[in-house]
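In: A predicted structure for the sequence below; I have some questions about it.
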Amino acid sequence: MSTFIKKLLIDALKPREIPITELSKAICAIKGVEEVNIVVTEVDARTETVKITVMGSDIDFEEVSRVMAENSAAIRSVDEVTVSKVK
Amino acid sequence: MEEAESSHKGFLSKVVSRFKCLIVGAPARCRPEDVSFKKLMLISGVTEIFRRYFVMNMFDGALAALGVVLGMWISGVIDPKTVVRTVLGAGFAMFFSGSLGAYLTEKAERERKLRELEESMFQDMRGSLFERSSRFAVLLVSLVDGISPLLACALIATPFLVSGALNLSFTFAASIAIGVGIATLGALGVFLGKVSRGSLIGYPLFMILAGLASAIVIVLLGAQI
């Protein structure tokens, strides 16, 4: 039996200079990710708080974290997760 | 044949990509999209600084080179090689002072911004896209800061450089050099006019008047001393 992450809702912080288009494209390029949705929820002087919804057939959370750190975004919390099981 | 050409292009793009990775401090095998110059320029916001430094320093270089040419002319120097050496010497001095000065000041400013961002985000930003774009901005700004005055000096020195081969008199070469200098100032003015999306006459006119004013001061000074 194996489990797959199908959906992740991540609360993250990113510098204002990093466009959400670039961040979403970088996350969407990860294997197993099919769709990425980013919503800016709060804007500060230097940073923006974003809600990132990642959807796919088999999401590698470690890889998502790595790509986000590489693109200067910090994960604050994972607020929602959908996992499915294949018997 | 086409296959050989495409593999050649593939090798070339790989080399260019590795070079880009190297200069922005990314791992040597980084992906090309991580080091796209367009993306790094967008994130670092360097385009505006680039334009500002380019015009400021080219204006500096053009005025300084014009001053040297005029000063030598009214001092009675008639050897074109002496003028070329002096103008290019001044150009290289401005290249080093400009690029090193800009490198250090831009680096300090960018590091400060990075530290402030790290404090806001409670995260180490080393190796991130933001850090890479900052590093790229520092290199680009220092390069532009150095090259722009040197380019102006090289343009103004060119008539003297070719005067031997084309058998031009010193006075004629000096007149062309001054014309080139004024045209450079005018072109910079047009560039500023385009940047401001305003008048294409006001900026060039102001630039040319600044060149003429410095020329008048130099001539008057030569007459007095």
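Out: Noted; the coordinates are in hand. Note that the structure is predicted; figures quoted are calculated from it, not measured.

In: SS state for A:Val78?
Out: strand (DSSP: H, G, I helix; E, B strand; the rest coil).

In: what comes up buried for stretch B:124-144?
Out: Burial within stretch B:124-144, assessed by neighbour count using 16 or more other Cβ atoms under 10 Å in any protein chain shown, is assigned to B:125, B:128-144. The C-beta positions use only the backbone N, C-alpha and C, and glycine is treated the same way.

In: From these, which land in helices?
Out: Among the buried residues of stretch B:124-144, DSSP state H puts B:129-144 in helices.

In: could you pull out the helices for chain B?
Out: B:2-23, B:37-44, B:46-74, B:80-121, B:129-166, B:170-196, B:202-224.

In: repeat for chain A
Out: A:20-28, A:61-70.

In: what residues does chain A put near chain B?
Out: With the criterion set to Cβ under 8 Å from any Cβ of the partner chain, chain A comes near chain B through A:13, A:15, A:17-19, A:22, A:26, A:29, A:44, A:46-47, A:69-72, A:74.

In: Can you select the buried ones among the residues you listed for me in PyMOL?
Out: To isolate the buried subset of the residues of chain A next to chain B in PyMOL, counting by 16+ other Cβ under 10 Å, use the following:
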select buried, chain A and resi 13+15+17+18+22+26+47+69+70+71+72+74
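
In: on that earlier part again, would you point to the one among the helices of chain A that's packed deepest?
Out: Highest mean neighbour count among the helices of chain A (mean count of other Cβ atoms under 10 Å in any protein chain shown): helix A:20-28, with a mean of 18.

In: CA-only coordinates of that one in CSV, if you can.
Out: C-alpha atoms of helix A:20-28 as CSV (Å, rounded to 0.1, in the frame of the first residue of the first chain):
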residue,chain,number,x,y,z
ILE,A,20,4.1,35.1,-7.8
THR,A,21,4.2,34.2,-11.4
GLU,A,22,7.8,33.0,-11.2
LEU,A,23,7.2,31.3,-7.9
SER,A,24,4.2,29.4,-9.2
LYS,A,25,6.0,28.4,-12.4
ALA,A,26,8.9,27.0,-10.4
ILE,A,27,6.6,25.0,-8.1
CYS,A,28,4.6,23.7,-11.1
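
In: by contact count, what packs against it?
Out: strand A:33-43, strand A:47-56, helix A:61-70 (3 or more Cβ pairs under 8 Å, 6 or more residues apart in numbering or on different chains; DSSP states H and E).

In: Any chance of JSON lines for those, columns mean pLDDT?
Out: Putting those into JSON lines (pLDDT from 0 to 100) gives the following:
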{"stretch": "strand A:33-43", "mean pLDDT": "96"}
{"stretch": "strand A:47-56", "mean pLDDT": "96"}
{"stretch": "helix A:61-70", "mean pLDDT": "93"}
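
In: Out of the ones you listed, flag the one nearest B:Gly222.
Out: Closest approach to B:Gly222 among the helices and strands packed on helix A:20-28 is made by strand A:47-56 (58.2 Å; Cβ to Cβ).

In: From the contact counts, what lies against the closest one?
Out: Using 3+ Cβ pairs under 8 Å, 6+ apart: strand A:47-56 touches strand A:2-15, helix A:20-28, strand A:33-43, helix B:80-121.

In: again, only using 7 Å
Out: Counting contacts by 3 or more Cβ pairs under 7 Å, 6 or more residues apart in numbering or on different chains; DSSP states H and E, strand A:47-56 is packed against strand A:2-15, strand A:33-43.

In: Would you mark the buried spots in it?
Out: In terms of neighbour count (16+ other Cβ under 10 Å), strand A:47-56 has its buried residues at A:47-48, A:50-52, A:54-56.

In: got a list of what the residue nearest to the spatial centre of chain B touches?
Out: Centroid-nearest residue in chain B: B:Ser148, 2.2 Å away (criterion: Cα atoms, centre = their mean). B:Ser148 makes contact with B:54, B:57-58, B:61 under the criterion Cβ atoms under 7 Å, 6 or more residues apart in numbering or on different chains.
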